[in-house]
Each structure stands twice: as structure tokens, then as C-alpha cells.
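What shape does this take:
(chains A and B)
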Protein chains: 2
Amino acid sequence: MTANEQGAGETAIQGPRKPKTARGKKTRAKILRAAEECFGTLGYHQAGITDITRYAGVALGSFYSYFSGKEDAMRELVREMGYNLRAHLAQNVAGATDRVDAEVRGLRAFLEYIRDHPWMYRILQEVQFVDEAVYREYYDTFSEHYARLLSEATQAGELRPGNNQVRNWALMGMGHFLGMRFALWEQDVPMDEIIKTMDDLLRHGLARSDQ
Amino acid sequence: MTANEQGAGETAIQGPRKPKTARGKKTRAKILRAAEECFGTLGYHQAGITDITRYAGVALGSFYSYFSGKEDAMRELVREMGYNLRAHLAQNVAGATDRVDAEVRGLRAFLEYIRDHPWMYRILQEVQFVDEAVYREYYDTFSEHYARLLSEATQAGELRPGNNQVRNWALMGMGHFLGMRFALWEQDVPMDEIIKTMDDLLRHGLARSDQ
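As a prediction, this is how the structure comes out:
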């Protein structure tokens, strides 16, 4: 609320704006990359706006051209992280033979993404203490899209009937914990072993005799 | 590290100790309940030790009899929360007909527990920024016990062969996200519907034709 009001107030004078030029887009992107690095390494509370601009190599005024403050930059960063991750998953899931194949291809792509973006978890976990609505928005956006994919596959007869809202949150949770343990904390289990296990679980369940 | 050193230093004079008397145990438990309430409502950084002692109705000196500081109280609280949750789950899983039945009984008990302990998630999420080792310890302790149960069930022929370390983190993630969405954020899906969906998923998988 405060940040919004502040943002609105600043817009009236010379406030944050969407960049219109290619150069502006590049500067805004550079600031977000720097914010990701600073929030990731120092933590949100420790990282100052001057850390971000110094890391990005831009003037303080540039920051305020695109963001109303640190909270605003955090919000935009989380939105962008979600957008980039979804694009990465969509790209890697294309060509899947069925929904379970899409799930495990998506899981592999997700784990690889987390290994390459080690700050993502920390930033996402910390945003819930900065602005919980942004945290929920992140997962709700994912979930909305995801539940639709599951419903289409169910209607096409690929998946067993079931509550796809519940299944989609269960699947997101699986991915989150597998990413935390096997991509972020330790990489002690080969990717193929993880994927094989999850393919079997999602295809056949856990129980031995399928009655 | 700092807190440990500090704790050790204080022990040398008149530092934190395990309560020996029934009265001491009661006071320590009262302080932990108050810490749970204060960290949950105010957040770790906002909550002061005097908030905790005021809420518990004990003198400041009592706090320092049992804890070396706020970090120490947070650590002990998370350990106790994990212990209590595990005891609650074990109690509710007793009498399960097979491992999948134990999983869904455990899930039901977990969701009910989260509804009754709304601060647990916030505290657990926040502890990773206070002392990440305590956060990992929480899940590693769960995981160790959990993987053993899955391995026993696999050896008994109840579960399909598979990597139980991977499956156990996947199952913990399912529970975590289902708890977050359907117990903490919104309670818009009946418990029986959640359990039925998860029983089917864990028993038969997602794919329609089980080939």
C-alpha cells in the first residue's frame, strides 16, 4: 500500500515508468539483474539501492526512473523471475509425448534452471516477508496455467479423473522440494535418477500392486 | 556460531540451561508458546524479547535462564515444532492398512495441524533467514525418518521399487504446498476431496492407462 501510494505520488512528479526506448529497456533489465544479485547475496534487508546501482553501473537517478523504491524493484524482479521460468519450462516441454512426459521434462528443466539461478529460491522465500501478495501472485499465476493444462489432459483421456487444482498444487510442491534438496542444497543424486523415479511415480503411483 | 559462542560464554556465568524441575519446564514451555505467538504475529525481526516475556507473563531474567537470546529461542522453537508435528503424525498414522494409507492419513493429520497452528509456516520460512542450518536440520530430520519408512515398505513389497530419498522429498513437498494452499491460505476445498485425490495419485499415479 505504502509503496503504491509512494509510487503514485512520484509518478505525478517524475516517477517510475515503463521504458519506451531500447536503451531504457536495457537499463531497467540491468538494474533488475543487479537487484537479483544483491538480494540473493546480501538479502533484501541488507541490500541497499546504492548497492544495486553500483553493481549495475548506473546512476541513482536511473533506479528511480524505473522503480519507486526497493520494494517495487523486489516485486518486479519476482514477476520477471516467474515469467522467465515459465518461458523456460514451456520451451523445454514442447514435443512431450504425453502429459506425464511433459511433467518430467518440465521437472528436469526446472531443476536445471534452479542450478543456474541459485538466488531464485532465496528471493522468492524472502518476498513473502516484504509483500506477501506478490508471493501468492507468483504461485497463483503458475497454478492457474498449470491447472488448465492438467484439465485439458484429463479431458483428452490422458490423465485419470481427479481434482486438478489439488493435483497441480501437489505437483508444484514436489518440484519445489526436489529443487531445494537436489539442485540447491546438494547435487548428490544424478538428474536421470531423479527423473526416472518421478516418471515412475507419476505414471504408476507408489503402490506396488495397482488394485 | 555467534549465538553458540555467546551461549557458551553465558553458561560460564549464569547461562541458559535445560530446566530440571517441573516448574522450570513449565516456564520454558510458556516462553516458547509466547515466542511462537510473537514471531508468528509480529515476525522475527519485529518481535523483541520483552514482547515475548510480557506475553508469557514472566520476568526478563527467566528468559535468559533458558535461552541465550532471541536466535536461540527461535532455534529451540523450530526444533520443538518439528518434534510436536512428528509426534502428532505418528499418532494419526498408527493403524494404517498400508504405506499409501499411512501417507494419506499423515497428510490429513498434517493439514489439520496446520489449520490449528497457523504460525508454523511463517516461523519455519523465516528461520532460514535467521539460521539456515536450523531450517535444513528441520527437513533433514523429517527426511531421515521418512526415507526409512519408505524403504521398509519397499522391502516389504508394498511399494514399487524406486529411489526413496527422491520420493520422500517429493512427498514432503506435496504436503508442504497442499498445506500452504488448502490449509493456510484458503480452506475452499473439502478435506475429503483433497485426501481422495491424493490417495488416487499415490496409489495409481496420474496417467490414465497404466501401461
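
and stretch A:123-138, how far apart are its ends?
End-to-end distance of stretch A:123-138 (CA to CA, to the nearest Å): 12 Å.

any bit of it sitting next to chain B?
Yes: Stretch A:123-138 is in contact with chain B by CB under 8 Å from any CB of the partner chain, via A:125-126, A:128-129, A:136. For glycine as for every other residue, the C-beta is placed from the backbone atoms N, C-alpha and C.

Out of the residues you listed, who's the most crowded?
When neighbours are counted by other CB atoms under 10 Å in any protein chain shown, residue A:126 leads those with 21 neighbours.

host element of that one?
Following DSSP states H and E, one finds residue A:126 within helix A:120-130.

what's the distance between that helix and the middle of its chain?
Relative to its chain's centre, helix A:120-130 lies at 10 Å (CA atoms, centre = their mean, to the nearest Å).

Same question for stretch A:81-92.
A distance of 8 Å separates the centroid of the chain from that of stretch A:81-92, by CA atoms, centre = their mean.

helices and strands around the helix holding residue A:126, which ones?
Under the contact criterion of 3 or more CB pairs under 8 Å, 6 or more residues apart in numbering or on different chains; DSSP states H and E, helix A:120-130 touches helix A:22-42, helix A:70-93, helix A:99-116, helix A:132-155, helix B:120-130.

hmm, try it at 6 Å
If contacts are counted by 3 or more CB pairs under 6 Å, 6 or more residues apart in numbering or on different chains; DSSP states H and E, helix A:120-130 sits against helix A:70-93, helix A:132-155.

residues in contact with the nearest residue to residue A:162 once chain neighbours are set aside?
Using CB to CB, 6 or more residues apart in numbering or on different chains and skipping the chain neighbours, the partner closest in space to residue A:162 is residue B:197 (5.0 Å). Taking CB atoms under 6 Å, 6 or more residues apart in numbering or on different chains as the contact definition, residue B:197 lies against A:162-163, A:166.

ok, 10 Å please
When contacts are counted by CB atoms under 10 Å, 6 or more residues apart in numbering or on different chains, residue B:197 is found next to A:160-167, A:170, B:104, B:178, B:189.

That one: which element?
Taking DSSP H and E as the criterion, residue B:197 maps to helix B:191-204.

ok and that helix relative to helix B:99-116, angle-wise?
Angle, helix B:191-204 to helix B:99-116, by axes from the mean of the first three to the mean of the last three CA atoms, to 10 degrees: 150 degrees.

Pull the contacting residues for the nearest residue to residue A:99 once chain neighbours are set aside.
Excluding its sequence neighbours, the residue lying closest to residue A:99 (CB to CB, 6+ apart) is residue A:153, at 3.8 Å. By CB under 10 Å, 6+ apart, the contact set of residue A:153 is A:98-100, A:102-103, A:159, A:164, B:206-208.

which of those sit farthest apart?
Using CB to CB, the contacts of residue A:153 span at most 15.7 Å, a distance reached by A:98 and A:164.

Who has more neighbours out of the two?
With neighbours defined as other CB under 10 Å, residue A:98 and residue A:164 compare such that residue A:164 has more, 20 against 16.

so residue A:79 touches residue A:138, yeah?
Yes: at 7.6 Å, residue A:79 counts as touching residue A:138 under the criterion of CB atoms under 10 Å.

most packed of the helices and strands packed on helix A:120-130?
helix A:70-93 (a mean of 18; mean count of other CB atoms under 10 Å in any protein chain shown).

which helices and strands sit right next to that one?
helix A:2-14, helix A:22-42, helix A:49-56, helix A:60-66, helix A:99-116, helix A:120-130, helix A:132-155 (3 or more CB pairs under 10 Å, 6 or more residues apart in numbering or on different chains; DSSP states H and E).

now those as TSV including mean pLDDT and distance to residue B:31?
As requested, these are arranged in TSV below (pLDDT from 0 to 100; distance: least, CB to CB, whole Å):
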stretch	mean pLDDT	distance to residue B:31
helix A:2-14	41	33
helix A:22-42	94	32
helix A:49-56	97	37
helix A:60-66	95	43
helix A:99-116	96	38
helix A:120-130	91	24
helix A:132-155	94	27
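
looking at those, which is closest to residue B:55?
Taking CB to CB, helix A:120-130 is the member of the helices and strands packed on helix A:70-93 nearest to residue B:55, at 20.9 Å.

Now do that closest one and helix A:22-42, the angle between them.
Comparing the axes of helix A:120-130 and helix A:22-42 via the same axes, to 10 degrees yields an angle of 90 degrees.

Tell me how chain A divides into domains.
Using automatic domain parsing, the domain parsing of chain A gives A:6-68, A:73-204.
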